[in-house]
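any chance you can model this:
(2 chains)
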Protein chains: 2
Amino acid sequence: MAKPTSQNITWHDANVSAAQRSAATGQKGAVMWFTGLSGSGKSTVSRRVEQMLLERGAFVYGLDGDNVRFGLNSDLGFAPEDRKENIRRISKVAKLFADASVLVCTAFISPYRAGRDACREKLPAGTFIEVFVDTPVEVCEARDPKGLYKKARAGEIKGFTGIDAPYEAPLNPEIRIKTAEKDVDACAQQVVDYLVANGFVS
Amino acid sequence: MAKPTSQNITWHDANVSAAQRSAATGQKGAVMWFTGLSGSGKSTVSRRVEQMLLERGAFVYGLDGDNVRFGLNSDLGFAPEDRKENIRRISKVAKLFADASVLVCTAFISPYRAGRDACREKLPAGTFIEVFVDTPVEVCEARDPKGLYKKARAGEIKGFTGIDAPYEAPLNPEIRIKTAEKDVDACAQQVVDYLVANGFVS
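Next comes the predicted model:
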């Protein structure tokens, strides 16, 4: 499908700006983009971050691949172009949430730098927080919570990130988490501390 | 594109429920679905509602057709199937926002009952608030803020709602607004009063 071609469309700024929303709500929106291998602990840590922020009364929401795929992206499969569209839509939705002053956690493998950087570039400076869940592939494979590594090794899944498809680790993530060295609470606290130190929540 | 066919997907409840979010934030999410003819005042009233709610410190966000089309739905045109997909995605995004305890205003003509009811059915009971901006077509045409009625009358736009395409008015909207009889503030206040009376915001 092409770009909108109709003339019946006009850009208008929302009357309320993101800055006005932040001032009214006392919270600054941001996207915490968790990235890492399957089994690295992305979802587990991001959900703990969500809980910790809620305990502070913050508005926070988690988008993750499995959940979004049943709703917004239920029309998408797993072919390369569908995966790309999946991430594109999630980036756009995350951006809407951040614009609404909400703190968003997303937890996707998102193996390609280009995909992550595309989201970063679309967000206001400083509001894209790349959280690299830096768990060695050996650890992830030993955990194998969904049995996917086993299937990948058996050749039942092709193009599995970390096995026969690349994972491009972030070069300068805002936050680097080592789930193999710290427990979930300590990892989540690292993210919360970053948000407080940078004025996203009080 | 077909439904997801991969087996590599598992449903898991977010650790945090919508009820827990409401308890933590003191706000209950809802979708205020403004519907009405072009020029009826949907966007104007919904943005005023947004401002009024922000003044109370609420988390509120507005999705409108023109804005969303530049982001999430920039791949969609104006063919019937694209319009349908446009509304489907917006419904899903609005649902995510409501699940996040945010009050969402959407402002689309959304002329078909089936489309609006489809969104209603996907939301928890009571959280879809249909706001019928009930402005007579003669008034909308006299306003004609974008000059679209003129084009429709001249045959330059085909299938224009209210002129040569139907508008199916809501049968039992939660709120009915008469922009031809009251000013914007009074109309917006009607919506805010509804939200307060029904415990969405304090």
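
where are the low-confidence patches of chain A?
Applying pLDDT under 70 to chain A flags residues A:1-15, A:65-66.

what about the strands in it?
Under the criterion DSSP state E, chain A contains strands at A:30-35, A:60-64, A:103-107, A:128-133, A:175-177.

format those strands as CSV; extra columns: distance to residue A:198 and mean neighbour count.
(C-beta placed from N, C-alpha, C; glycine too.) Output for the strands of chain A, formatted as CSV (distance: least, Cβ to Cβ, whole Å; neighbours: other Cβ atoms under 10 Å in any protein chain shown):
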stretch, distance to residue A:198, mean neighbour count
strand A:30-35, 8, 28
strand A:60-64, 15, 23
strand A:103-107, 11, 27
strand A:128-133, 8, 24
strand A:175-177, 11, 20
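
would you mark the buried spots in the longest helix along chain A?
Selection of the longest helix in chain A by residue count, based on DSSP state H, yields helix A:80-99. The neighbour-count check on helix A:80-99 (16 or more other Cβ atoms under 10 Å in any protein chain shown) flags A:82-83, A:85-99 as buried.

near chain B, which of those show up?
Among these, the ones lying near chain B by Cβ under 8 Å from any Cβ of the partner chain are A:82, A:85, A:89, A:92, A:93, A:95, A:96, A:97, A:99.

returning to that earlier point: residues making contact with the longest helix of chain A?
A:18, A:21, A:29-31, A:33, A:61, A:63, A:65, A:68-69, A:72-73, A:76, A:104, A:106, A:108, A:110, A:115, A:118-119, A:122-124, A:127, B:1, B:61, B:63, B:71-72, B:75, B:89, B:93, B:96-97, B:100 (Cβ atoms under 8 Å, 6 or more residues apart in numbering or on different chains).

between it and strand B:60-64, how many degrees?
Going by axes from the mean of the first three to the mean of the last three Cα atoms, to 10 degrees, helix A:80-99 is angled at 130 degrees with respect to strand B:60-64.

quick check: the nearest residue to residue A:169 once chain neighbours are set aside vs residue B:89, distance?
Spatial nearest neighbour of residue A:169, chain neighbours left out: residue A:132 (6.7 Å); criterion: Cβ to Cβ, 6 or more residues apart in numbering or on different chains. Residue A:132 sits 30 Å away from residue B:89, going by Cβ to Cβ, to the nearest Å.

enumerate every residue touching the closest residue to residue A:188 other than its chain neighbours.
Residue nearest to residue A:188 in three dimensions, not counting chain neighbours: residue A:48, with 3.8 Å by Cβ to Cβ, 6+ apart. By Cβ under 8 Å, 6+ apart, residue A:48 lies in contact with A:184, A:185, A:187, A:188, B:15.
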